[in-house]
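# the sequence and its predicted three-dimensional model are supplied below.
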Amino acid sequence: MNAFTALGFAALLLAAPASVDGQATSGPSPRLAANTSLPPEADDAWESIAEEWSLSVQSEGIVGSSLAMVREGVLTSHGMLGMADLEARRPVDDETIYHWASITKTFTAISIMQLRDRGLLSLDDPVVDYVPELRGVHNPFGSMDAITIRHLLSHSAGFRGSTWPWAGSEPWQPHEPTEWSQLVAMMPYTRIHFEPGSRYSYSNPGIIFLGRVIEAVSGDVFEAYVDKNVFRPLGMRRAYFDVTPWGLREHRSNHYVVREGVPEPGGIDFNTGITVSNGGLNAPVRDMARYLAFLLGTPMEDMDADAVLSRSSLEEMWEPVVPIGAGPLGHGSMGLSFFLHDKRGERVVGHTGTQRTFYSFFYIDPGTRTGVIAAFNTGAGDETGPDTNALRMRLSARVVDEFFPALRANR
């Protein structure tokens with residue numbers, strides 16, 4: 001039986017104020033909404049996962065974190081721990097805005113599919129048709145005309161992994177390239193590393209180039225296109241890119257790096273620059289829950305899911321394109337910008353995000369119309385800090401290998 005007290009959908013689970021030394025404080029685990037129940041085995045699995053999340057966040061000194069479940073189009077469970085901003089003494093709550101980093105890539109991919117469905121491009125079009133500057137890249141395997149939009153979506157084009165070979169490790173260096181001209185200047189010094197389409201290699205630049213495709217085809221800047229064509233139809237009213245609007249700053253989570261046992265703030269905002277389509281998304285968990293409900297085909301109130309993408313196009317994105325090999329969740333594959341894992345004959349879909357010291361993940365089980373999402377605002381600067389990535393991977397694996405199978409067993 002579920003040990004958590006049943007709460008109404010609107011109930012908030014707030015942690016106590018953080019101590020002055022900045023350590024994450026104790027607080028409740030995620031609870032189930034009163035109108036939702038889980039089968040006993042799944043209930044036990046969720047309770048155990050939520051307990052590990054809660055205890056680990058507190059014991060490892062993670063400043064703030066959220067964990068939530070979306071089921072049948074309802075945010076059924078939403079746990080919050082610690083602080084969004086230590087200096088302002090703001091606890092994490094249901095309005096806290098996290099940075100979602102590479103989860104942005106899935107929004108970029110959905111935007112490309114929209115344009116495809118509107119007849120404005122083909123996934124098999126050469127990318128250079130829309131981003132002619134890419135002709136300056138050296139391709140030892142043939143012409144740059146052979147690299148398609150589909151290759152970029154599936155991380156199989158052969159581009160390097162990192163955007164900026166000169167990482168912004170000095171305080172005077174920008175976090176990411178701020179202008180398209182900076183990336184263009186690097187293209188004569190850039191090469192394709194393997195035959196396009198032959199294998200998987202995660203590539204940030206590839207998704208940035210897709211952002212340029214969206215702008216070239218739509219005539220909008222990337223941020224405006226996604227806002228009009230994805231955020232608004234889904235009712236994601238507090239989702240945005242990069243710099244936080246003034247009216248939302250009181251909800252924006254800071255991010256922290258722990259050195260010598262002390263969390264140091266990294267600042268409320270940072271500019272992802274020209275890489276925005278690769279990792280610039282900010283949003284509260286409740287907006288991201290709407291996104292998961294859309295992906296699961298269980299739209300929430302005031303959501304026009306069909307205006308975003310058809311079910312058939314979403315499922316097309318979840319067809320394997322290239323294998324990704326073994327990882328913490330076992331062997332998997334890459335679809336069109338979504339990670340795919342087949343578990344006991346059922347497909348699990350998701351993505352992770354890491355930037356600065358923001359960490360996040362989401363995984364959905366379309367067969368049970370259930371998804372789980374989590375965010376953390378703290379990372380390690382030395383051995384005294386939390387291994388947030390390891391915690392994220394443990395929780396992800398338990399969601400995929402324990403919770404989802406327990407739900408399926410009771411269908």
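Received it, and whenever you're ready, just let me know what you need. Residues are numbered from 1 along each chain as shown.
# just for the chain, where's the confidence low?
Applying pLDDT under 70 to the chain picks out residues 1-36, 164-169, 172-175.
# centre-most residue in it?
By CA atoms, centre = their mean, the chain has its centre lying nearest to residue 103, at 2.3 Å.
# go ahead and confirm that residue touches residue 358.
No: if you go by CB atoms under 8 Å, residue 103 and residue 358 don't touch, sitting 10.2 Å apart. Any C-beta I mention is one placed from the backbone N, CA and C, and that applies to glycine too.
# the longest strand in this structure is where?
The longest strand of the chain (DSSP state E) is strand 74-85.
# show the subsequent helix or strand relative to that one.
strand 90-91 (DSSP states H and E).
# so what strands line up beside that next one?
Sheet pairing of strand 90-91 (DSSP bridges) gives strand 74-85 (antiparallel).
# can you show me the helices along the stretch 301-411 of the chain?
305-308, 311-317, 388-398, 404-408 (DSSP state H, counting those that start in this stretch).
# hmm, back to that, show me what contacts the residue nearest to the centre of the chain?
The neighbours of residue 103, taking CB atoms under 8 Å, 6 or more residues apart in numbering as the test, are 281, 351-353, 360, 362.
# again, only this time at 10 Å
Residues in contact with residue 103 (CB atoms under 10 Å, 6 or more residues apart in numbering) are 279, 281, 283, 288, 291, 350-354, 360-362, 373, 375.
# please apply the same query to residue 121.
So residue 121 contacts 112-113, 115, 129-130, 149, 213-214, 216-217 (CB under 10 Å, 6+ apart).
# same check on residue 309?
Applying CB under 10 Å, 6+ apart, we find residue 309 in contact with 109-111, 113-114, 116-117, 229-230, 233, 294-295, 316-317.
# tally of neighbours for the nearest residue to residue 348 once chain neighbours are set aside?
Spatial nearest neighbour of residue 348, chain neighbours left out: residue 341 (4.5 Å); criterion: CB to CB, 6 or more residues apart in numbering. Per other CB atoms under 10 Å, the neighbour tally for residue 341 reads 21.
# and stretch 381-397, what's buried?
385-386, 388, 391-397 (16 or more other CB atoms under 10 Å).
# ends of it, how far apart?
One end of stretch 381-397 sits 25 Å from the other (CA to CA, to the nearest Å).
# off-centre distance for that stretch?
Put simply, stretch 381-397 sits 17 Å off its chain's centre (CA atoms, centre = their mean, to the nearest Å).
# go on, stretch 365-377?
For stretch 365-377, the distance to the chain centre is 11 Å (CA atoms, centre = their mean).
# now swap in stretch 202-222 and tell me
When distances are taken as CA atoms, centre = their mean, stretch 202-222 is centred 17 Å away from the chain's centroid.
# tell me how far residue 137 lies from residue 279.
According to CB to CB, to the nearest Å, residue 137 and residue 279 sit 21 Å apart.
# ditto for residue 260
Where residue 279 is concerned, residue 260 sits at a distance of 29 Å (CB to CB).
# residue 292 now?
Relative to residue 279, residue 292 is positioned 19 Å away (CB to CB).
# likewise for residue 240?
According to CB to CB, residue 240 and residue 279 sit 14 Å apart.
# between those two, which one's more packed in?
For residue 240 and residue 279, the more surrounded residue by other CB under 10 Å is residue 279, and the numbers stand at 25 against 20.
# contacts only, for that one.
99-105, 108, 163, 176, 204, 207-208, 241, 272, 353-355, 358.
# and it, backbone torsions?
phi -170, psi 40 (degrees, to the nearest 10).
# for the longest strand of the chain, buried residues please.
Quick answer for strand 74-85 (16+ other CB under 10 Å): 74-85.
# ok, these vs residue 253, which is closest?
The closest of the buried residues of strand 74-85 to residue 253 turns out to be residue 84 (CB to CB; 4.2 Å).
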